[in-house]
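Enquirer: Predicted coordinates and the sequence they were generated for:
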Amino acid sequence: MLKKIIFCFLVCFFTYNTHGQDIIPNINLKTINGQTISADEAVNKDGFTIVSFWATWCIPCINELDAINEVISSWNEKENIKVLAVSTDDSRSKKRVRPLVNGKNWIFDVLSDTNQEFKRAMGVVGIPHTVVTYKSEIIHRRIGYTPGEEEDLFEVISNYKK
């Protein structure tokens with residue numbers, strides 16, 4: 001019986017701790033123009049933020065950001081939502097970020113996490129990894145992307161009790 005209790009405790013403990021942060025950490029990122037900004041300063045202090053971890057080589061990541069870009073203006077008519085696209089491209093591939101972003105005409109902020117410190121602090125293992133926050137509090141996480149799942153993000157936001 002004691003073994004079962006210890007096993008249940010360990011499962012609960014590791015499950016809780018593997019979900020990463022509860023709030024956005026204070027880690028510096030770079031804007032696409034090279035300016036430094038703290039991640040906790042970049043989030044929407046008055047509403048929701050969708051933080052999407054992506055890379056130039058990740059097709060599902062780009063598809064998700066394209067889909068969000070198409071609907072974010074209509075979402076903002078109903079809710080106060082900011083989108084942060086956090087590039088996890090390393091020093092070898094970071095030179096591809098700006099041309100890709102310029103070609104996409106995304107209407108949201110693109111940040112760079114070249115050393116992947118923010119990614120590690122947030123407990124992100126694979127991409128695309130999308131996080132929804134209310135102010136600085138993390139309220140939802142999702143790994144992967146299938147077309148149409150961007151609407152699930154808006155549903156999470158719409159149903160959140162402020």
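Expert: Received it, and whenever you're ready, just let me know what you need.

Enquirer: just the helices in this protein please.
Expert: Taking DSSP state H as the criterion, the chain contains helices spanning 2-17, 39-42, 59-75, 97-104, 117-121, 150-159.

Enquirer: which non-adjacent residue is nearest residue 78?
Expert: For residue 78, the nearest residue in space outside its immediate sequence neighbours is residue 158; the separation is 7.3 Å by Cβ to Cβ, 6 or more residues apart in numbering. (Glycine included, C-beta is placed from N, CA and C.)

Enquirer: distance of that neighbour from residue 125?
Expert: Counting by Cβ to Cβ, to the nearest Å, the gap from residue 158 to residue 125 is 28 Å.

Enquirer: Now tabulate the helices of the chain in CSV and tack on mean pLDDT and mean neighbour count.
Expert: Shown next, in CSV, are the helices of the chain (pLDDT from 0 to 100; neighbours: other Cβ atoms under 10 Å):
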stretch, mean pLDDT, mean neighbour count
helix 2-17, 44, 9
helix 39-42, 92, 17
helix 59-75, 97, 17
helix 97-104, 94, 14
helix 117-121, 95, 17
helix 150-159, 95, 16
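
Enquirer: Does the spatially most central residue of the chain have any beta-bridge partners, and if so which?
Expert: Residue closest to the mean C-alpha point of the chain, counted by Cα atoms, centre = their mean, is residue 51 at 2.6 Å. When bridges are called by DSSP bridges, residue 51 pairs up with residue 84, residue 131.

Enquirer: Who are the contact partners of it?
Expert: With contacts taken as Cβ atoms under 8 Å, 6 or more residues apart in numbering, residue 51 has the following neighbours: 24, 43, 84, 86, 122, 130, 131, 132, 133.

Enquirer: Was I right to think residue 136 contacts residue 26?
Expert: No: under the criterion of Cβ atoms under 8 Å, residue 136 is not in contact with residue 26, lying 9.6 Å apart.

Enquirer: residues bridging contact with the two, i.e. touching both?
Expert: When Cβ under 8 Å, 6+ apart defines a contact, the residues bordering residue 136 and residue 26 alike are residue 40.

Enquirer: neighbour-wise, which of the two wins?
Expert: Between residue 136 and residue 26, counting by other Cβ atoms under 10 Å, residue 136 is the more crowded of the two (18 against 11).

Enquirer: buried set for stretch 119-131?
Expert: Taking 16 or more other Cβ atoms under 10 Å as the basis for neighbour counts, the residues of stretch 119-131 that come out buried are 119, 121, 122, 124, 127, 128, 129, 130, 131.
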